[in-house]
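Q: Show me how the following folds:
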Amino acid sequence: MDVDAPDKFQDLMNIPAGDEATVESGAGGELEICQELLDQLRVNPKQVTDDAQYPNIAIAKRGYLGTAPRTPKTAIAFNVLEAYRQLHRVCPKLSVYAQVQALCHLHGNPFNRSFVEQFSATFDVYLEILHRVESRVNVTLRRDTPEWRLRNACPPCMYTLTNEPDLGLSMLCSMDGNSSLKLVDSSVRCGDVRQDERTHRIQDLLLTPDMVDIFKDEVASSSSGKAPAVQHNGDNEHPSPNLLSSADCVEKWRAAAPEERKRAFALFHTTGVFASFCRHGHALVYCDMIRSGELRKYALAVIDRLMAVFGSHIGLGYDVGCDTSKTVMSSSLQARAEDQHLRLIVPAFHGHQHNRLCQLDWHPMYIKGAGKEDFEGCERAFKDSNMLASGTRLSTAFHRHQAIEQHWVFRTLDKHADSGTFLLHNYKQALGIIRKDGADLRILSAKLGTTSADYIQYFKAEKMYLEGLKKEPEEVSLRLEYLDTLQELEEAQHVRGAAITAVKNRYRNAWRKLEEAEAHTVALEEQLSIGDRWTSTHPEYVKAMSEMTMRKYRLALDKLERLVVQRLLELTKLSMGGIAYKLREKIGQALRTRAEAIRKALDEYNKQASLLNPPRPKLRWEELIDLSSVGAFDLLRNARQDIRELKWADPLHREATRLYFNIQRAQEELTRCNVEVRRILTSMYDEHLDYWHAVALSIIPNPTLACELSKRWVERDRINACVARRLQQIALLPGFSGALEIGQRVGIRTEDAEWVEVDATLVTTNDHDEDDDDDDAEPLEAPSNTETAEALVDFIDRLEIS
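A: Numbers count the residues shown, from 1 in each chain. A predicted model of the protein is given here:
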């Protein structure tokens, strides 16, 4: 129908608030609507003499948004669009398709697929309007500088104040790849491809392919693929394992595999995202993984951006941080990484699946400044973002980016609201560790007669021992190779006699093998300075056989360890929520297969263990299940020295060492939490000043913008009041060692503080909110200091605008 006529247009204006018309609409022109609305709404409404000339302007004034730029025949209420935006915030699985179906049911109208296209296009316009309003607000608040969002995404991490203690690592964050947010290639879809040249809106969140491809040729695949091994002639039937090198990580983690193994199905244009999050869960940057797996160029691009923005002493967790550190040191980032003291870390959960030597170098338990952070933030973030996959896999690239941006923007808001709870729980955890583990450590130290210096020495001694197991001594390798050659020579000599009496061609092959074995044997004898050839009764032959037995034992142990670790990872995956039925069935089938393979590997291990001199105790199935940490397997590898009498290998001394390092990290966590409490308190105070200043400057020249700022001011102050109450609880904890006081951000002037009359130092009391929903909170007691949090809560409450 034609709505250009005033009478028909007036009928459209009579739609009840919250309802939608169900007639067809024109397609396309979404950006035209947005631009027209914004341009015209800047003008005083009195200057618009004929609303019929601008249908969308008239519709927007009445709370609706048309589905076409010039002649809309369908209108959707702003309230409905905002309701869907907030519903999608809490349930990312909710698609536009489902929302439109629900609206049709509510109005008693039959469902029509054209409604989905209309709603989707209108929702795009609505989000574009919100984005442009956000841009104007940011200009007024002086938040429009490049990378402002990235530099201020997380106040506890980034709102650095003057006179802060040294934290060791200035910022803790993590990065990882996720393969759920795929995008099917348009070439394999049915129908015509819709051209959509719109791009992402948040410029400092997405790293474009051009930014990533800068690093695509920096790491040669050959340098990252395989671990070095002792070379053998022939088929290399008994390779020498590099016992505790990071090559083990290459085999266990796909992210550390060679680049040529990370190919993707041609079905997908984008195979997922590679993202980074701070320790509080705020999204920092991300990039698309295009037609590939988790290539190293994605990690390098993220590291480059983080170092450029956040500077030195970044603690960055990554599943294969041990291997990635080598990649960084062989790339163009080497000099910057060294100058800025970049510290890569293996996350706590994933770290226990690395070998013991890798744990001593990369696990957060042994890294100064890591505190009690587990660096598993990416896993928690991806758990939520995975729910977007069903709605983005078949969308356009623009709609996929739009959904991801919206999700992570909302996540930032939610994480800010939870920041007080995060700090409270971390503070209580650290205090509990210091209290409980401290008591246990004092008992063990008294029993063992050890001190802190001893535990540090145990750590160094264990690391030195494990480093010695990385590779067999060259002499041992040559002796074993010589033994292999002698056995080949003996076999060739035996086959020759049989061949003479059998077939002449077999004789010729056997003779060739004999000549090759003879030549190789002579070469090794010259290299090892062996005068008389070893026989089966020669002492050196017997010794080499013992070494060969030990090598077979280690290989059997390697296989057993690999199968057990895979079983543990599959069991963990099987117990996670949100696992589809088919995937659960596949994991269960793999576990059944793995169990049989483990039993066979266990039998082989026990066979090889019994051949050692002295024989190693056999492992039972029950004992094998208890060896849930790879570090426990590493202690079974000793071959050339007995470590049973060394103190660092004694279970009691090892437990005392673990307690010592755990307490050290807990004390660091307290220090970091004390710093973050002041940072977030100061950021809330400064944010209040920013809004006050912006409203004061806008209320006369642009009252509409001032009204928008005031609404946001009220909302932020309400959220900040909740955060402040959590800070109050932290201040009332027994053992609180910080101070609830407003500081000064580095590089910020203090003249604006005169806008609000409030003391920089706040005072606390043992009064607390009776409606607190923290069931695990301990009884709050008044601390001995005079700084209190009640004034803080009152102050935040007074910030709200009536």
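
Q: need the strands for the stretch 251-400 of the chain, in chain order.
A: For the stretch 251-400 of the chain, the strands defined by DSSP state E, counting those that start in this stretch occupy 268-278, 283-290, 314-317, 343-345.

Q: now swap in the chain and tell me
A: Along the chain, the segments classed as strands by DSSP state E run 64-66, 75-77, 171-178, 183-184, 206-207, 268-278, 283-290, 314-317, 343-345.

Q: Serialize those strands to JSON lines and add fields for distance to Ala696 and mean pLDDT.
A: Using the backbone N, CA and C atoms, a C-beta is placed for each residue, glycine as well. Below are the strands of the chain laid out as JSON lines (distance: least, C-beta to C-beta, whole Å; pLDDT from 0 to 100):
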{"stretch": "strand 64-66", "distance to Ala696": "32", "mean pLDDT": "90"}
{"stretch": "strand 75-77", "distance to Ala696": "33", "mean pLDDT": "90"}
{"stretch": "strand 171-178", "distance to Ala696": "34", "mean pLDDT": "94"}
{"stretch": "strand 183-184", "distance to Ala696": "46", "mean pLDDT": "87"}
{"stretch": "strand 206-207", "distance to Ala696": "35", "mean pLDDT": "92"}
{"stretch": "strand 268-278", "distance to Ala696": "32", "mean pLDDT": "91"}
{"stretch": "strand 283-290", "distance to Ala696": "32", "mean pLDDT": "93"}
{"stretch": "strand 314-317", "distance to Ala696": "38", "mean pLDDT": "95"}
{"stretch": "strand 343-345", "distance to Ala696": "44", "mean pLDDT": "94"}
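
Q: With mean neighbour count and distance to Met464 as added columns, please give these in TSV.
A: Output for the strands of the chain, formatted as TSV (neighbours: other C-beta atoms under 10 Å; distance: least, C-beta to C-beta, whole Å):
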stretch	mean neighbour count	distance to Met464
strand 64-66	26	69
strand 75-77	25	69
strand 171-178	25	29
strand 183-184	19	49
strand 206-207	20	41
strand 268-278	23	34
strand 283-290	24	37
strand 314-317	26	25
strand 343-345	25	22
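
Q: so which of the ones you listed gets nearest Cys722?
A: Counting by C-beta to C-beta, Cys722 lies closest to strand 268-278 out of those; the figure is 20.4 Å.

Q: In the sheet, which strands lie alongside the closest one, parallel or antiparallel?
A: Paired strands of strand 268-278, with direction, are strand 171-178 (antiparallel), strand 183-184 (antiparallel), strand 283-290 (antiparallel) (DSSP bridges).

Q: would you list these in CSV and tack on distance to Arg85?
A: Shown next, in CSV, are the strands paired with strand 268-278 (distance: least, C-beta to C-beta, whole Å):
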stretch, distance to Arg85
strand 171-178, 23
strand 183-184, 22
strand 283-290, 18
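
Q: re earlier: so for Trp148, which of the strands of the chain sits nearest?
A: For Trp148, the closest of the strands of the chain is strand 283-290, at 13.4 Å, according to C-beta to C-beta.

Q: which outside residues touch the closest one?
A: Outside of strand 283-290, the residues within contact range by C-beta atoms under 8 Å, 6 or more residues apart in numbering are 150, 153, 173, 177, 179, 183, 204-209, 211-212, 264, 269-278, 295, 298, 301-302, 305-306, 381, 404, 408, 411-412.

Q: Quick check: buried residues in stretch 737-746?
A: Across stretch 737-746, burial judged by 16 or more other C-beta atoms under 10 Å covers Gly738, Ala739, Leu740, Glu741, Ile742, Gly743, Arg745.

Q: for it, how far is the first residue from the last?
A: One end of stretch 737-746 sits 23 Å from the other (C-alpha to C-alpha, to the nearest Å).
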